[in-house]
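Undergrad: Quick one, what's the 3D model for this:
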Amino acid sequence: MSTDAASPPPAASHPDSDPENGAETPPLATKILLVTDAWEPQVNGVVRTLSNTMDELRAMGCEIEVISPADYPNTVPLITYSEIRLALGARDDVEDRFLAFAPDAVHIATEGTLGWDARAICLKHKFPFTTSYHTQFPEYVTARFWWIPLWAGYRFMHAFHDKSGRVMVATPTMQKQLQLQGFRNTAIWSRGVDIEQFHPRLRGVDGGVFKDLPKPVFAYVGRVSVEKNIEAFLKLDLPGSKVIVGGGPALDDLKARYPNAVFTGPKFGEELARHYADADVFVFPSFTDTFGLVILEAAACGTPVAGYVAPGPQDILPGTGAGIVDMDLRKACLEALQLKREDARALAERYSWRACAEEFRRNLEPLPKERGRRFWHKLRDLRARAKERRRLAREAKEARRAMR
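TA: Sure thing, here's the model as predicted:
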């Protein structure tokens, strides 16, 4: 069981700066290109993180261009996660938008088709880029498909991330885990929470959303799928009620096998916040998440958290009084009942989306200003000449065809 006190990581200096030796801090990017396979209208922690971070960067004066599957009509659902659509045949358009926007920095958020397209384009033009590690993909795949070995998943992740200037990870535990797997270019990018949307004042409104359920109420909020390990929670012998808030591919199966649990389906906005606030303990049974944004959302509503010793809970909760982490999840749940809701709220107040955005921006790898001007001038010239050569080739081909 972890006992170290947790707090948001301090603002780290850029790895290339050296104030003691008088080295100049590299310029911060003001034009940022984000390429992501996970974006609105999808609803998940990755999308909330990216969306809130981009909103804060815009408020800080940055110009943001987002390339996502929403921009393309030709998409297919991701296997086992149909909410995520993968864009097909988009590379030429991604390259055109990259050239037209002329960003200071490129961040590739996900390992989907758009992510691989953007990676190939950056490597082709020798443009630096950063990536982020939002999901323990190898563990996720192995949890869904037992015959795919863990090493195969990590080989895929190395292939994607090893050329990245920095791989942004949410917690020190995830950073250490990736370093043990041979990743050498990691940097911390923590998370934030909207402490106005998620607030203790919502607890007990009109008797509360759980007013007809036996107390105490232990609740899980999130995607209902195998890799979230929800069944470990549902199997526990706990007093009161167990509530599952969310939808996903495992929903029908779990509803059939655990008829005594309450399954509410997905909730949004204030209704979602009320479900957090009216719970007595928020239960986070996942081992595959890299952070668990829902932990902060629950804490912001004043609800203590129970979780395993895993990335996310063990980085956020120990020493705060906001939750309990233990390899005995039942013990963690029962002990969390004794915690003060004020301490949970105090933890959430230490995280902000502005700090999250500032940390993200520091981690980017922008081109130096002078080099950037030369880079884009040269690249546009090369691109224009290539387009003209293709146009002449098409005209010559059409002329030959007309002569037959």
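Undergrad: Could you pull out the strands in the stretch 301-404 of the chain for me?
TA: Under the criterion DSSP state E, counting those that start in this stretch, the stretch 301-404 of the chain contains strands at 305-307, 323-325.
Undergrad: helices or strands next to the first one in the packing?
TA: Translated: strand 305-307. strand 281-284, helix 293-300, helix 313-316, strand 323-325, helix 329-336 (3 or more CB pairs under 8 Å, 6 or more residues apart in numbering; DSSP states H and E). The way it works is simple: take the backbone N, C-alpha and C, and place the C-beta from them, glycine included.
Undergrad: Skip the chain neighbours and tell me the closest residue to residue 330.
TA: Excluding its sequence neighbours, the residue lying closest to residue 330 (CB to CB, 6 or more residues apart in numbering) is residue 236, at 4.8 Å.
Undergrad: And the one you found, what's its pLDDT?
TA: Per-residue pLDDT puts residue 236 at 98.
Undergrad: Next up, the contacts around it.
TA: 242, 329, 330, 333 (CB atoms under 8 Å, 6 or more residues apart in numbering).
Undergrad: Check residue 265 too.
TA: 245, 246, 247, 251.
Undergrad: again, but for residue 331
TA: residue 324.
Undergrad: for residue 64, phi and psi?
TA: Backbone geometry at residue 64, expressed as degrees, to the nearest 10, gives phi -120, psi 130.
Undergrad: so which strand or helix has residue 187?
TA: strand 186-188 (DSSP states H and E).
Undergrad: Of all the helices and strands packed on strand 305-307, which one is nearest residue 267?
TA: helix 293-300 (11.5 Å; CB to CB).
Undergrad: can you give me the strands in the stretch 1-150 of the chain?
TA: Counting by DSSP E, counting those that start in this stretch, the strands of the stretch 1-150 of the chain are 31-35, 63-67, 75-78, 81-87, 105-108, 129-132.
Undergrad: Partner strands of the last one, with direction?
TA: Okay, so that is strand 129-132. Sheet pairing for strand 129-132, assigned by DSSP bridges, gives strand 105-108 (parallel), strand 167-169 (parallel).
Undergrad: State whether residue 192 is indeed within a helix.
TA: No. Counting by DSSP: H, G, I helix; E, B strand; the rest coil, residue 192 falls outside a helix, being coil.
Undergrad: Now do it, the pLDDT please.
TA: Listed pLDDT for residue 192 reads 95.
Undergrad: Quick check: it vs residue 60, distance?
TA: Separation of residue 192 from residue 60 (CB to CB, to the nearest Å): 14 Å.
Undergrad: quick one: common contacting residues for these two?
TA: Joint contacts of residue 192 and residue 60 (CB under 8 Å, 6+ apart) are 354, 357.
Undergrad: Neighbour count for those two, which is higher?
TA: residue 192 (22 against 13; other CB atoms under 10 Å).
Undergrad: Quick one: residues contacting that one.
TA: Residue 192 touches 52, 296, 351, 352, 353, 354, 355, 356, 357, counting by CB under 8 Å, 6+ apart.
Undergrad: what do you get for residue 46?
TA: 36, 38, 109, 110, 134, 135.
Undergrad: Just give me the residue right at the centre of the protein.
TA: residue 46 (3.0 Å; CA atoms, centre = their mean).
Undergrad: Next one: it relative to residue 107, how far apart?
TA: Counting by CB to CB, the gap from residue 46 to residue 107 is 13 Å.
Undergrad: low pLDDT regions in this structure?
TA: For the chain, residues meeting the criterion pLDDT under 70 lie at 1-26, 368-373, 386.
Undergrad: tell me what the top helix by length along it is packed against?
TA: In the chain, taking DSSP state H as the definition, the longest helix is helix 369-403. Under the contact definition 3+ CB pairs under 8 Å, 6+ apart, helix 369-403 sits against helix 91-101.
Undergrad: hey, C-alpha coordinates of the helix it packs on in CSV?
TA: C-alpha atoms of helix 91-101 as CSV (Å, rounded to 0.1, in the frame of the first residue of the first chain):
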residue,chain,number,x,y,z
ARG,A,91,-3.0,11.4,-45.1
ASP,A,92,-3.0,13.8,-48.1
ASP,A,93,-5.5,16.1,-46.4
VAL,A,94,-3.7,16.0,-43.1
GLU,A,95,-0.5,17.0,-44.9
ASP,A,96,-2.2,19.9,-46.7
ARG,A,97,-3.6,21.2,-43.4
PHE,A,98,-0.2,20.8,-41.8
LEU,A,99,1.4,22.9,-44.5
ALA,A,100,-1.4,25.5,-44.6
PHE,A,101,-1.5,26.0,-40.8
